[in-house]
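Novice: the following block contains a protein sequence and its predicted model.
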Amino acid sequence: MRKLKLPHISFKKIKGRFNTGAHQFSVDIFRHIFDKIDQLGIKKGVDQLGLDKFINQCAFLAAGSGVITGVGGISTIAVGVPLDMANVIAQQFRVNLAVTYSKTGNYQMRFDEFFAMLTDSLKGNTGITVTKKAMEEVAEKLMLNMGAKTTSRLVPIVGAVIGGSANYLFIKRVAASLKAET
């Protein structure tokens, strides 16, 4: 009988490929969300409402998806949480763009410029070069920040209150830190 030779499986390589793929997937999602944002609409919104009211509007939009996801409890986790995360990220991006417009007067930004600004605001480093690694680190940090609040959404009513409040406060906190930067 012939000896069966099994292929060598390197779990370190598999883990490395998975992490690289997951990070790239996150960056691609962020690019997709960014590309869907109407930057002229943000300019018009800030001009019409003022920065603080625009930020409040973004916070309420984020809170809405948190409430909807939280009300469903376990039954909405599979679909609701990813959609909620996408909405909160979009609102965070809108707030970043609104604050930038308010400070600089520039409402149009390319993704790489935006990601550099986002990296600076999350890391606190103004001299960082936006590399693939930096984008991956920011994507991971955003996902971790977002994921931490989703664990509390298992009880429908409490989950709705917590989900909506967490999203609202998250957006308000992001806005406050962006406005405080010089």
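Specialist: Right, received. Where do you want to start?
Novice: helices of this structure, residue ranges please.
Specialist: Secondary structure of the chain, counting by DSSP state H: helices at 11-36, 39-49, 51-71, 77-104, 111-123, 132-150, 156-180.
Novice: which positions within the last one qualify as buried?
Specialist: Buried residues in helix 156-180, counting neighbours by 16 or more other Cβ atoms under 10 Å, are found at 159-168, 170-172, 174-175, 178. Glycine gets a C-beta too; all of them are placed from N, C-alpha and C.
Novice: report all helices and strands that it contacts.
Specialist: helix 51-71, helix 77-104, helix 111-123, helix 132-150 (3 or more Cβ pairs under 8 Å, 6 or more residues apart in numbering; DSSP states H and E).
Novice: state the distance from Arg94 to Gly70.
Specialist: 22 Å (Cβ to Cβ, to the nearest Å).
Novice: so between these two, which is more surrounded?
Specialist: Gly70 (29 against 25; other Cβ atoms under 10 Å).
Novice: wait, doesn't the more buried one sit right on Asn167?
Specialist: No - with contact defined as Cβ atoms under 8 Å, Gly70 does not count as touching Asn167 (9.4 Å).
Novice: who's in contact with the residue nearest to Leu178 when sequence neighbours are not counted?
Specialist: Residue nearest to Leu178 in three dimensions, not counting chain neighbours: Val99, with 4.2 Å by Cβ to Cβ, 6 or more residues apart in numbering. The contact partners of Val99, taken as Cβ atoms under 8 Å, 6 or more residues apart in numbering, are Leu51, Ile55, Ala175, Leu178, Lys179.
Novice: so which of the helices and strands packed on helix 156-180 comes closest to Leu40?
Specialist: Nearest to Leu40, of all these, is helix 77-104, at 10.3 Å by Cβ to Cβ.
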